[in-house]
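In: sharing a sequence plus its predicted fold:
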Amino acid sequence: MTHGPLPWKGRVIETILPHRAPFLFVDRIDALEPDRRIVGTRVWSPAEAVISLPDGSRAVPVAYLAECMAQVGAVLILAKPENLGKLIFFLGIDHARFRAPVRPGDELRVEATVRRLRSRMGALGGRALVGDRLIADGEMTFALGGEVPV
């Protein structure tokens with residue numbers, strides 16, 4: 001199955017990931033090099049910025065940012081023809097650093113690169129940026145499971 005030319009949005013991403021709103025944190029896939037690298041984006045809404053900061057502004061929880069990086073990485077793995085329809089399990093994020101808050105309206109660019117890739121497990125390096133500013137990074141581990149239940 002081919003997903004068509006990039007960028008991928010909405011329905012195309014939903015054919016790859018099992019996530020749905022309000023837990024789908026990928027708006028667009030801008031670049032993909034199979035088994036190597038992916039770039040995706042997410043624009044955060046005011047409803048997702050549920051953390052109150054000392055200056056009175058609001059920010060997106062870091063758990064949402066980690067999940068966003070994991071979901072972009074999952075698209076890289078699940079878009080492969082042999083992995084279509086499989087479940088992917090986010091096992092963890094190591095060496096995670098969250099350097100600055102993400103606010104409503106910010107466009108987060110997520111880059112994930114393959115560190116290790118085996119048939120059923122692997123690790124991806126992830127970086128999240130707003131503009132040129134590094135917001136978060138870490139190494140994500142995952143495992144592939146069986147088929148998505150219908």
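Out: Ah, there it is.

In: switch to C-alpha atoms for all contacts and neighbour counts from now on
Out: Will do.

In: quick one, what contacts Leu76?
Out: Residues in contact with Leu76 (Cα atoms under 8 Å, 6 or more residues apart in numbering) are 32, 34-35, 37-38.

In: same question but for Arg20, I mixed them up
Out: Arg20 neighbours (Cα under 8 Å, 6+ apart): Glu14.

In: how close does it get to Gly10?
Out: The gap separating Arg20 from Gly10 is 10 Å, by Cα to Cα, to the nearest Å.

In: now Lys86: how far from Pro61?
Out: For Lys86, the distance to Pro61 - Cα to Cα - is 28 Å.

In: mind naming the longest helix for the protein?
Out: Using DSSP state H to define each element, the chain has its longest helix at helix 62-78.

In: residues of that one that come out buried?
Out: With burial defined by 16 or more other Cα atoms under 10 Å, the residues of helix 62-78 counted as buried are 62, 64-78.

In: for stretch 92-100, same thing?
Out: So for stretch 92-100, counting by 16+ other Cα under 10 Å, buried means 93, 98.

In: how far does it sit from the chain's center?
Out: 14 Å (Cα atoms, centre = their mean, to the nearest Å).

In: can you check which strand is longest in the protein?
Out: In the chain, with assignment by DSSP state E, the single longest strand is strand 133-147.

In: elements contacting it?
Out: strand 86-98, strand 121-130 (3 or more Cα pairs under 8 Å, 6 or more residues apart in numbering; DSSP states H and E).

In: can you lay out the ones you listed as TSV showing distance to Thr141 and mean pLDDT?
Out: Formatted as TSV, the helices and strands packed on strand 133-147 follow (distance: least, Cα to Cα, whole Å; pLDDT from 0 to 100):
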stretch	distance to Thr141	mean pLDDT
strand 86-98	5	95
strand 121-130	4	97
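
In: can you list the ones you listed in JSON lines and add distance to Val43?
Out: Shown next, in JSON lines, are these (distance: least, Cα to Cα, whole Å):
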{"stretch": "strand 86-98", "distance to Val43": "17"}
{"stretch": "strand 121-130", "distance to Val43": "10"}
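
In: what about stretch 40-54, start to end distance?
Out: Note: stretch 40-54 ends 30 Å apart using Cα to Cα.

In: got the buried residues for that stretch?
Out: Applying 16+ other Cα under 10 Å to stretch 40-54 flags 40-44, 49 as buried.

In: and which of those is nearest Pro104?
Out: Taking Cα to Cα as the measure, Pro104 sits nearest to Trp44 out of the buried residues of stretch 40-54, at 5.1 Å.
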